[in-house]
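Enquirer: based on what follows, work out the 3D shape:
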Amino acid sequence: MSWGPDRRVYIAGCGGMLGEAVYDHFSTRAVVKATDIDLNAPWLEYADVRDYRQLWGSIEAFKPDLIINLAALTDLEYCERNADHAWLTNALGAENLALIAEKMQAIYVYVSTAGIFDGAQDVYNDFDRPNPLSIYAKSKYHGEQFAQAYLRRFFVFRAGWMMGGGPGKDKKFVNKIYRQIAGGARELSVVDDKLGTPTYTKSFAEAMYKVIGTELWGVYNQVCGGTCSRYDVAVELVRLLDLQDAVRVTKVGSDHFAGEYFAPRPRSEMLVNMKLDSRRINFMPHWKAALKEYATIFKKDLAR
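Expert: Predicted coordinates for the structure are as follows:
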């Protein structure tokens, strides 16, 4: 797909932390219609991926060349408690968008997750067999499977531990750590028995744009370089905030948070970008470089 200012891109589920980064990058390079059920930005219009008829009306009127599916419930505990809602949003929503993409003859892009693996291995490449453990992971994996079975012109991009959006939109680990620090915490209890690959939303959006242009359809791991534990990320964030003498990071096991985080999680979600590397289209930075860039937002927030 050649890019140009006349290309039309429809982004579903664009109201979250990744959606902001994708919108910022794509909207300066194409005609974009961004939708969500939570209209938290002036550039968003309403569309519900669970409602096929309403969704069809929203997309058909726009006539996109490309449909990007960012719509997902990503809170693992919420998904366990509300399984039907998770399946309808993450799985049926993915089916609805893929069906419409095929009907509109548009390219389809689906964002998946490293959580679809069971953690029995230390590291997973693009070809390793998923074995999702949680409702969230199972519903997201269904979206992958449907795209592969139904479509030819599609991309599946698997993200790792997502970080981005700053204090206002980041619902994941980095902002949870930051909120504790901003709230005055001087000791952080962080697990060191969960392994993964951080993925910066800004880098992910930029890389996704470039890979889509290659028309090398298929499923890709797309995470930042390097691997780490949750503890490693917390220590690096504290260092980047110049708080290593004021904030102590203490290692704990996952059982320390068993009551709060009860959904099953794999021991390891570490991915390698084997296919991107092999095709020389891996545009993702190392996670420490990405976190360094991202941490500037929190440093400014602390200085206010």
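Enquirer: isn't residue 56 up against residue 100?
Expert: Yes: the criterion here is C-beta atoms under 8 Å, and residue 56 meets it with residue 100 at 5.9 Å. Any C-beta I mention is one placed from the backbone N, CA and C, and that applies to glycine too.
Enquirer: neighbour count for those two, which is higher?
Expert: Relative neighbour count places residue 100 above the other of residue 56 and residue 100, with 22 against 16, counting by other C-beta atoms under 10 Å.
Enquirer: for this structure, what helix or strand is lowest in average pLDDT?
Expert: Taking mean pLDDT, DSSP states H and E as the measure, the helix or strand of the chain with the lowest value is helix 166-169, at a mean of 86.
Enquirer: by contact count, what packs against that one?
Expert: Here helix 166-169 touches helix 173-182, helix 287-303, going by 3 or more C-beta pairs under 8 Å, 6 or more residues apart in numbering; DSSP states H and E.
Enquirer: quick one: it to chain centroid distance?
Expert: Distance of helix 166-169 from its chain centroid, counting by C-alpha atoms, centre = their mean, to the nearest Å, is 15 Å.
Enquirer: please, where are all the helices along the stretch 101-250 of the chain?
Expert: Across the stretch 101-250 of the chain, reading from the start of the chain, the helices by DSSP state H, counting those that start in this stretch fall at 135-150, 166-169, 173-182, 201-212, 230-240.
Enquirer: between these, which one is nearest to residue 40?
Expert: Of all the helices of the stretch 101-250 of the chain, helix 166-169 sits nearest to residue 40, with 8.3 Å by C-beta to C-beta.
Enquirer: list the buried ones in that closest one?
Expert: Residues of helix 166-169 classed as buried under the neighbour-count rule (16 or more other C-beta atoms under 10 Å) are 166, 169.
Enquirer: identify the residues contacting that helix?
Expert: Residues outside helix 166-169 that contact it (C-beta atoms under 8 Å, 6 or more residues apart in numbering): 16, 17, 20, 175, 178, 179, 182, 297, 298, 301.
Enquirer: reformat the residues you listed as TSV; add distance to residue 291.
Expert: Formatted as TSV, the contacts of helix 166-169 follow (distance: C-beta to C-beta, whole Å):
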residue	distance to residue 291
16	19
17	15
20	18
175	12
178	11
179	16
182	17
297	11
298	10
301	15
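Enquirer: just name the closest of these to residue 145, please.
Expert: Looking at the contacts of helix 166-169 and their distance to residue 145, the nearest is residue 16, at 22.9 Å (C-beta to C-beta).
Enquirer: give the contact list for that closest one.
Expert: The neighbours of residue 16, taking C-beta under 8 Å, 6+ apart as the test, are 36, 70, 74, 165, 169, 171.
Enquirer: select only the buried ones of those residues in ChimeraX?
Expert: Typed into ChimeraX, the line below selects the buried ones among those, using 16+ other C-beta under 10 Å:
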select :36,70,74,165,169
